[in-house]
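Q: Provided below for reference: sequence and predicted model.
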Amino acid sequence: MTPRSTGAARRRRVPLRYLLPLLFLVALLAMLMLRGYVHSEILADHRVRPPAATDQVPHRVLGGGPVIDAREDHITTREVPRKKLVLTFDDGPDPTWTPKVLDVLKEHDAHAVFFVTGTMASRYPDLVKRMVDEGHEVGLHTFNHPDLSYQSKNRIDWELSQNQLALAGSAGVRTTLFRPPYSSHADAFDNKNWPVAQYIGSRGYITVVNNTDSEDWKRPGVDAIIERATPKKGKGAIVLMHDSGGNRSQTVAALDRFIPDLQAKGYDFTHLTGALGVQSAHTEVTGLDLWKGKAFVYAVQASEHVTDVLVVGLAAIGVLVIARFGLMLVLSFAHARRTRRRGFRWGPPVQEPVSVLVPAFNEAKCIENTVRSLVGSDHPIEVIVIDDGSTDGTARLVESLRLPGVRVVRQHNAGKPAALNRGVANARHDLIVMMDGDTVFEQSTVRELVQPFGDPRVGAVAGNAKVGNKDSLIGAWQHIEYVMGFNLDRRMYDVLRCMPTIPGAVGAFRRSALERVGGMSDDTLAEDTDITMALHRDGWHVVYAENARAWTEAPETVQQLWSQRYRWSYGTMQAIWKHKRSFIEGGPSGRFGRVGLPLVSAFMVLAPLLAPLIDVFLLYGLFFGPTQKTIIAWLGVLAIQAVCAAYAFRLDREKMTHLISLPLQQILYRQLMYVVLLQSWITALTGGRLRWQKLRRTGVVGSAPGIPSQQHHGERRPVG
């Protein structure tokens, strides 16, 4: 192989972090489809044909016995000999009633024929094996229990073969006995269902109907069941009963009286071939057919367990979602009431000057808007732009503006944490504000952001980051997420004293707090989350200043949004893992570890990871039912989210019109976040190392309210 072809093969290889989510999704869908298939939710046909004319049915069939052999051109029917009773049970096996029926039969040394459906046999293979092991016969009752007169020959073959596959996997046998769904006596054959019996005979099966119907499915009472099941004048009979399809307690009780009473009268309860004196209906299955059957049954069992796990996961996400929304509403209300009451103050007014750090790497398109918004601040500040090895002239552009109080510090490209630490080292003041190079402040932002430092316990303050470019659809969705998911969360975490993240777009720190925890670290890709957790562990309070608003440029393409959120979610996992020891430590670190880390893990990692189950079950319910209940449940969840979003918008004094796109956000945007988080999990579990990915800036956020807009030369790209 040439080097060129080797390189091409390497480039075509799908990364594991992409391949695993795809395989997981395919496997999950396959399990759900199989589960729906064996629960008669997929390919099920519940139509029942009304009676038709009988002129095309042979008279010897209409007037003959309940055993019809159409395997040869000459059709024969047979009756069960006198004093022979063949108990037959349809629609099982059932996990509740079939064992009780088997127990009664075993107690009275009686045998029967169980006409099982493939759906039930594959779900409860142990019961089918018990039937065979205890000397009973099994027959086919189709896989999905459709009226075969409506079905094509291909569908009939499928129903039979899948039923046999379930028997092979459950008990290792094949059978020649068949009973059509919705069958009755032989005289019930008509021009529609008789051709089906003929075709099934041509496939090598003996059709077995009944000549004595207990009508136990009506639950008429034990005495009535016994009376209807008892043949007249010592005749033999094939008795129809059911061990599935509903409450069969009357059937079980009737059997316990019926069998010994008729045994005392000389009746023999045996299976069909024993009553007719012919060879067994069972044939042992070996080789490939046996393993195919076992594989099918194992797959069905796996699908059942997967569904059980999904239901548990759905319950868990339901609890988490309701708990989160409930906490957000209650605690956000408490936060707003406390901080907005008349006369509320964090402490003495903070009027000392502040150092504002702006780390910048190739931010030429938006850095002018950023620094000009800072110069317009109504609080005394110095501005330090740390140019982290930019190649687009960012530093020269800032210097050419000659704005008062603005300095540029240059360094070789070393990353954002190193740039911030360099800025702290060059800062003249003890209060330090950090922001991104694509963000603009309002005039009052810095003043509002530092007021909580009037409380000496406060080590850091999170500001109110808002989306500045919300005029596009993807921007509007992020706007909803910022207002509801981020800022409402921060109010909740503020009250609980476990704020997980000070946003990089707008945050403030005490220099002494930063120095005590060692400054900004590059151990994770979420240095803002890392430093926040470190401050909590060191005993500092981290609070939220809702009026310290900053307008940031959100990603405008799906590609950039993916890159940003992938880094955020993976970095958050890294930070949680880095600070995991706080869970077993004492003091402030232990409080954060046992309160903050579980909340952050549950609400920011686990809940979003499990949340796709809501949408999975929505799709499943829409296609396979119950559709109405599924839609109502999903709309209920959406209504809860809408209430929280509306309250968040009201607190932030935002226009409610943006919430029009909330349903679409839940259907489309949320799915992208799910995949991003799943990919982050896989990257973490496979030991992958995610590199920092620089987002493409456009400079579209020209100014904050109250600050004159500056001309920018950025080019906006369409959402995509």
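A: Structure's in. What do you need?
Q: tell me the secondary structure at Val543.
A: strand (DSSP: H, G, I helix; E, B strand; the rest coil).
Q: wait, what's in contact with the residue nearest to it when sequence neighbours are not counted?
A: Residue nearest to Val543 in three dimensions, not counting chain neighbours: Pro452, with 4.9 Å by C-beta to C-beta, 6 or more residues apart in numbering. Bear in mind the C-beta positions are built from the backbone N, C-alpha and C, glycine included. The neighbourhood of Pro452, defined by C-beta atoms under 8 Å, 6 or more residues apart in numbering, consists of 346, 458, 461, 543, 545.
Q: for the stretch 351-500 of the chain, what spans make up the strands?
A: 354-360, 381-388, 406-411, 431-434, 439-441, 458-467 (DSSP state E, counting those that start in this stretch).
Q: so for stretch 568-577, mean pLDDT?
A: Throughout stretch 568-577, pLDDT has a mean value of 87.
Q: next one: stretch 639-646
A: 86.
Q: which parts of it are buried?
A: 641-642, 644-645 (16 or more other C-beta atoms under 10 Å).
Q: residues making contact with that stretch?
A: 321-322, 325, 328-329, 480, 483-484, 488, 656, 659, 662, 666.
Q: circling back: so which pair among the buried residues of stretch 639-646 is furthest apart in space?
A: Ala642 and Cys644 (7.4 Å; C-beta to C-beta).
Q: distance of Leu672 relative to Leu664?
A: 12 Å (C-beta to C-beta, to the nearest Å).
Q: same thing with Gln641?
A: Gln641 is 13 Å from Leu664, by C-beta to C-beta.
Q: distance between the ends of stretch 449-461?
A: Using C-alpha to C-alpha, to the nearest Å, the end-to-end distance of stretch 449-461 comes to 7 Å.
Q: looking only at pLDDT, what's the mean for that stretch?
A: Averaging pLDDT along stretch 449-461 yields 97.
Q: report the buried residues of that stretch.
A: So for stretch 449-461, counting by 16+ other C-beta under 10 Å, buried means 449-453, 458-461.
Q: how about the helices in the stretch 351-500 of the chain?
A: 367-375, 394-401, 416-426, 445-450, 473-480, 488-496 (DSSP state H, counting those that start in this stretch).
Q: quick one: distance of the fourth one to the chain centre.
A: From the chain centre to the centre of helix 445-450 is a distance of 41 Å (C-alpha atoms, centre = their mean, to the nearest Å).
Q: go on, stretch 212-221?
A: From the chain centre to the centre of stretch 212-221 is a distance of 43 Å (C-alpha atoms, centre = their mean).
Q: who touches it?
A: In contact with stretch 212-221 (C-beta under 8 Å, 6+ apart) are residues 184-185, 224-225, 228-231, 237-242, 245-248, 250-251, 254.
Q: shaky segments in the stretch 451-600 of the chain?
A: For the stretch 451-600 of the chain, applying pLDDT under 70 flags no range at all.
Q: distance to Leu288 and neighbour count added to the contacts of stretch 639-646, as TSV?
A: Formatted as TSV, the contacts of stretch 639-646 follow (distance: C-beta to C-beta, whole Å; neighbours: other C-beta atoms under 10 Å):
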residue	distance to Leu288	neighbour count
Val321	47	18
Ile322	50	12
Phe325	54	18
Met328	57	21
Leu329	60	17
Ile480	56	23
Val483	60	24
Met484	57	26
Leu488	59	25
Met656	64	10
Leu659	59	21
Leu662	54	19
Gln666	47	21
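Q: as a markdown table, the residues you listed with distance to Pro500 would be great.
A: Output for those, formatted as a markdown table (distance: C-beta to C-beta, whole Å):
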| residue | distance to Pro500 |
| --- | --- |
| Val321 | 18 |
| Ile322 | 20 |
| Phe325 | 17 |
| Met328 | 14 |
| Leu329 | 19 |
| Ile480 | 20 |
| Val483 | 17 |
| Met484 | 16 |
| Leu488 | 13 |
| Met656 | 28 |
| Leu659 | 25 |
| Leu662 | 24 |
| Gln666 | 23 |
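Q: farthest pair within the residues you listed?
A: Pairwise over the contacts of stretch 639-646, using C-beta to C-beta, the maximum falls at Ile322 and Met656, 23.3 Å.
Q: low-confidence regions, the chain specifically.
A: 1-18, 20-21, 609-613, 623-626, 681-720.
Q: give me the three-state assignment for the residue of the chain positioned farthest from its centre.
A: The centre of the chain is farthest from one residue, Lys233, which by C-alpha atoms, centre = their mean lies 61.6 Å away. With three-state DSSP as the basis, Lys233 sits in coil.
Q: how close does the residue nearest to Val543 sit to Pro588?
A: 18 Å.
Q: residue contacts, Leu28?
A: Each residue near Leu28 by C-beta under 8 Å, 6+ apart is listed here: 306, 616.
Q: Met673: how many residues sit nearby?
A: Neighbour count for Met673, taken as other C-beta atoms under 10 Å: 20.
Q: ok but it is inside a helix, no?
A: Yes - assigned with three-state DSSP, Met673 falls within a helix.
Q: quick one: it from Ala30, how far?
A: Distance from Met673 to Ala30, by C-beta to C-beta: 24 Å.
Q: can you check Ala253 too?
A: For Ala253, the distance to Ala30 - C-beta to C-beta - is 42 Å.
Q: and if you look at Thr54?
A: Distance of Thr54 to Ala30, given as C-beta to C-beta: 45 Å.
Q: my guess is His335 contacts Tyr544, does it?
A: Yes - with contact defined as C-beta atoms under 8 Å, His335 and Tyr544 form a contacting pair (7.4 Å).
Q: got the contact list for Leu638?
A: Leu638 is in contact with 662-663, 666, counting by C-beta under 8 Å, 6+ apart.
Q: which SS class is it?
A: Going by three-state DSSP: Leu638 is helix.
Q: look up how far Ser149 lies from it.
A: Relative to Ser149, and taking C-beta to C-beta, Leu638 is found at 44 Å.
Q: repeat that for Ile225.
A: Distance, Ile225 to Ser149, using C-beta to C-beta: 29 Å.
Q: do the same with Gly201
A: Computed as C-beta to C-beta, the Gly201 to Ser149 distance reads 15 Å.
Q: looking only at neighbour counts, state which of the two leads.
A: Legend: neighbour count by other C-beta under 10 Å for Gly201 and Ser149, higher for Ser149 (21 against 18).
Q: name the SS class of that one, please.
A: Relying on three-state DSSP, one would call Ser149 helix.
Q: can you list the helices of the stretch 351-500 of the chain in CSV and add distance to Ala275?
A: Listed next are the helices of the stretch 351-500 of the chain as CSV, based on distance: least, C-beta to C-beta, whole Å:
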stretch, distance to Ala275
helix 367-375, 92
helix 394-401, 94
helix 416-426, 85
helix 445-450, 90
helix 473-480, 70
helix 488-496, 72
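Q: start and end of stretch 604-614, how far apart?
A: 17 Å.
Q: my bad, stretch 233-243
A: OK, stretch 233-243 end separation, C-alpha to C-alpha: 27 Å.
Q: how far does that stretch sit from the chain's center?
A: Its chain's C-alpha centre and that of stretch 233-243 lie 49 Å apart, by C-alpha atoms, centre = their mean.
Q: same check on stretch 386-404?
A: On C-alpha atoms, centre = their mean, the centre of stretch 386-404 falls 47 Å from the chain's centre.
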